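Trainee: Quick one, fold the following:
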Amino acid sequence: MSAIAVERLVKCYGSCTAVRDVSFEAGAGQVTALLGPNGAGKTTIIEILTGLLRPSSGTVRVLGADPRPGRRPGGWPGRGGRPGRAWRARLGVVLQSASVDPQLSVAEALRLYAGLYPRPLPVPEVLDVIGLAAEASARIGTLSGGQRRRVDLGLGIIGRPDLLFLDEPTTGLDPGLETRMMELLRGLADHSRAVVVVTHATKSLGLCTRILVMGRGGRLCFDGPPAEAMTFFEADSFDEIYAQLDRRPAEEWQRKRAQLGMQAVVPEQAPRPPASSSSPSARRRQGALMRQAYVLTHRYVRLFSRDRRNLIILMAQVPLLALAIVGLYKKKVFAHSDADDSVTVLFLITTIVVWFGSIDGAREIIKEKSVFVREAAVGVRTGAYLLSKAAVLFTLAAVQTLVLAAIVFFFQPLHEPTGAYVAMAVLIVLTGFASVGMGLLMSAAVRTQDQATSFIPLVLVPQLFFGGSIVPVATMSAPLAALSNAIVAKWSYAGLGSSIHLNGRIAASPAFAKVSKFGDSYFAIAPARVDLALIVFVGVFFTGIFFLLRRDS
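Mentor: Here you go, the predicted model:
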């Protein structure tokens, strides 16, 4: 059985056909190169083979499984009908877009990524293979583009994959490094791996077992050994193949291939790797949710702590905003006879907490989308990824909100028993958690970091409009009052007021009671019910994030 078997593959985007009726096979011990001009469908083929894209039609088998989302691979069923984690763990993927964390050193990135696999290659060995042993302690952000591509390659091979996909790994490399990269791929194939590489570089094509030349419109024009390609295209060099593809349409090359009776090359099946390195039973351990969550959390903490400027901004704003609230109002704002200022201060606290959480999460998924896509393609669980985000961002939100509350309530005591402070603290922290979920949901839904920034007002402004302070819920129309139930700030604000018995305070303030439009029921909701509502918000938001990430993985 071939490592890859593709038959009559078609991929359409609306009326545009990116890949048209492509068939080929590839086996272990082979280096298969995909060549062709930009827009010829090479990257699309790689994304289909790794399960990142669904083909429009055709049959695809990768390591005996159908990688398409929603299909059960033969004998390797995954949850929801997706390819199993054990199957994905046998793949190594190096995408065209950069997918390395610039804040980590080379060795740190490799060590942390190795923790996702049960039997990774030793980090020193990988450093030697990719030629970066001397740069092991260097931050990835300080490396050249070619060195970053080699780090990407190291991440792709550290899990001992049976099948390695690479999308233009030689981009940005000088001729010498390009040759070394191709020699490295040849060496990996010689150890019973199948390697599929998309490349525009032609200098080292002789190291490949075979090449597939794609023409305009996603048509397969040639499939065979490199030595036969120049004869087929009547070219004096591999570079001239591109010129020939421009001179004659892809349909003509396809007809010539048919006239010569050239069929897809069926490679000999190289010996299988030892069962201990690739068997489903051994690889299944890679999907251990908590181990992956631990590794990803460890990495996220390290990355978060190294972005010191952002961390300082996130933490410095807390006391500044807390002191601003304190300074705006006279002392004893929470005295029982002064409900007017109490309702305003509580709404400011609610708004700031929602702001903290939403801002904390708004960019945290989209900024590392390429990292997530690469890791999901090789078996990292979406649940583990979300647990790592929740562990770090919930901790940050809890610290921010508790510091805010501590400063405000130190200078403006509640004049209530200790239980009220505890209830307020729980509500504020849960509001922060729900707001983090809201920010992460937005981050998972957008396509760029700029879009995330643009969407922040669309998330925060409704919290102001429908939170219940600017326009009390009792005065809203029935549809808008119903809509307010889907607003985090509304529940949080009502719960905070209920924790300090704000209805009684309003009744004790005759002047304010005459103009108050809150009604008797708004601040009468039990804090425990609000806690439950905020927990439900967290669950709904994270469920939405989960499905959005699964859609893109």
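
Trainee: Could you work out the end-to-end span of stretch 505-525 for me?
Mentor: From the first residue to the last, stretch 505-525 extends over 15 Å; the measure is CA to CA, to the nearest Å.

Trainee: Would you mind pulling the contact partners of it?
Mentor: Here stretch 505-525 makes contact (CB atoms under 8 Å, 6 or more residues apart in numbering) with 336-340, 342-343, 468, 472-475, 494-495, 497-498, 501-503. For the C-beta atoms, the positions are set from N, CA and C on the backbone; glycine is no exception.

Trainee: Can you tell me the number of residues neighbouring Pro37?
Mentor: When neighbours are counted by other CB atoms under 10 Å, Pro37 registers 15.

Trainee: actually Leu548, sorry about that
Mentor: For Leu548, using other CB under 10 Å, the count is 18.

Trainee: next structured bit after the helix or strand harbouring Leu314?
Mentor: Counting by DSSP states H and E, the secondary-structure element that holds Leu314 is helix 308-328. Per DSSP H and E, the first helix or strand lying C-terminal to helix 308-328 is helix 339-361.

Trainee: Next, the buried residues of that next one.
Mentor: Within helix 339-361, the residues that qualify as buried are 339-343, 345-361, counting by 16 or more other CB atoms under 10 Å.

Trainee: Equivalent analysis for stretch 199-217, please.
Mentor: Of the residues in stretch 199-217, those buried under the neighbour-count criterion (16+ other CB under 10 Å) are 199, 201-205, 207-217.

Trainee: Where strands are concerned, which of those count?
Mentor: Among those, DSSP state E puts Arg210, Ile211, Leu212, Val213, Met214, Gly215 in strands.

Trainee: List the contacts of the third one.
Mentor: The neighbours of Leu212, taking CB under 8 Å, 6+ apart as the test, are Phe24, Thr32, Ala33, Leu34, Leu35, Leu220, Phe222, Asp223.

Trainee: quick one: secondary structure of the third one?
Mentor: In this case it means Ala33. Under the three-state scheme (DSSP: H, G, I helix; E, B strand; the rest coil), the conformation of Ala33 reads as strand.

Trainee: shift numbering so it begins at 52
Mentor: Sounds good: first residue 52 from here, last item Ala84.

Trainee: That one pairs with what?
Mentor: Following DSSP bridges, Ala84 is listed with bridge partners Val248, Ile262.

Trainee: hmm, back to that, put the buried members of the contacts of stretch 556-576 into a ChimeraX selection.
Mentor: One line in ChimeraX is enough to select the buried ones among these; burial here means 16+ other CB under 10 Å:
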select :389,390,391,393,394,519,523,524,545,546,548,549,552,553,554
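
Trainee: And the contacts of Leu263, which is closest to Lys440?
Mentor: Lowest distance from Lys440 to the contacts of Leu263 (CB to CB) belongs to Leu85, with 34.7 Å.

Trainee: Please read off the pLDDT at that closest one from the model.
Mentor: Leu85 is assigned 96 on the pLDDT scale.

Trainee: residues touching it, list them.
Mentor: Residues touching Leu85, when contacts are defined by CB under 8 Å, 6+ apart, comprise Lys93, Ile96, Ile97, Val247, Val248, Val249, Thr250, Ile262, Leu263, Met265.

Trainee: Distance of it relative to Pro370?
Mentor: As judged by CB to CB, to the nearest Å, Leu85 and Pro370 stand 56 Å apart.

Trainee: Report the residue spans of the stretch 502-604 of the chain with pLDDT below the cut-off.
Mentor: 604 (pLDDT under 70).

Trainee: repeat that with 90
Mentor: Across the stretch 502-604 of the chain, the stretches falling below the confidence threshold (pLDDT under 90) are 504, 506, 509-510, 520-521, 523, 525-526, 555-572, 601-604.

Trainee: ok, Arg353 - how many residues close by?
Mentor: 14.

Trainee: quick one, what contacts it?
Mentor: With contact taken as CB under 8 Å, 6+ apart, Arg353 is in contact with Gln154, Leu155, Glu159, Leu163.

Trainee: Please apply the same query to Arg200.
Mentor: When contacts are counted by CB under 8 Å, 6+ apart, Arg200 is found next to Val145, Pro220, Thr221, Thr222, Gly223, Leu224, Met232.

Trainee: In what element of secondary structure is it found?
Mentor: Arg200 is part of helix 196-208, with elements assigned from DSSP H and E.

Trainee: for Leu60, same thing?
Mentor: Taking DSSP H and E as the criterion, Leu60 maps to strand 55-64.

Trainee: What segments of the stretch 152-301 of the chain are strands?
Mentor: In the stretch 152-301 of the chain, the strands defined using DSSP state E, counting those that start in this stretch lie at 214-218, 245-249, 261-266, 270-275.

Trainee: Compare the ones you listed and give me the one nearest Ala495.
Mentor: Evaluated with CB to CB, these place strand 214-218 nearest to Ala495, the distance being 23.4 Å.

Trainee: Would you mind listing the buried residues in stretch 195-207?
Mentor: Here stretch 195-207 shows Gly197, Gln198, Arg199, Arg200, Arg201, Val202, Asp203, Leu204, Gly205, Leu206, Gly207 as buried, counting by 16+ other CB under 10 Å.

Trainee: what's the answer for stretch 419-435, then?
Mentor: By neighbour count on 16+ other CB under 10 Å, the buried set for stretch 419-435 is 419-420, 422-435.

Trainee: For it, give the mean pLDDT please.
Mentor: Mean pLDDT, computed over stretch 419-435, is 87.

Trainee: From the chain's centroid, how far away is that stretch?
Mentor: For stretch 419-435, the distance between its averaged C-alpha position and the chain's averaged C-alpha position is 6 Å (CA atoms, centre = their mean, to the nearest Å).

Trainee: cool, stretch 217-230 as well?
Mentor: Average the C-alpha atoms of stretch 217-230, do the same for its chain, and the two points are 26 Å apart (CA atoms, centre = their mean).

Trainee: I figured Thr95 hits Lys62, correct?
Mentor: Yes: counting by CB atoms under 8 Å, Thr95 does reach Lys62; the two are 5.4 Å apart.

Trainee: and Leu547, what does it touch?
Mentor: With contacts defined as CB under 8 Å, 6+ apart, Leu547 is in contact with Leu397, Ile400, Thr401, Met475, Leu478, Ile479.

Trainee: Count the residues that sit near the last one.
Mentor: This points to Ile479. With neighbours defined by other CB under 10 Å, the count for Ile479 comes to 24.

Trainee: Could you say which helix or strand holds it?
Mentor: Element membership of Ile479, judged by DSSP H and E, is helix 469-496.

Trainee: Tell me the buried residues in that helix?
Mentor: Residues of helix 469-496 classed as buried under the neighbour-count rule (16+ other CB under 10 Å) are 471-472, 474-495.
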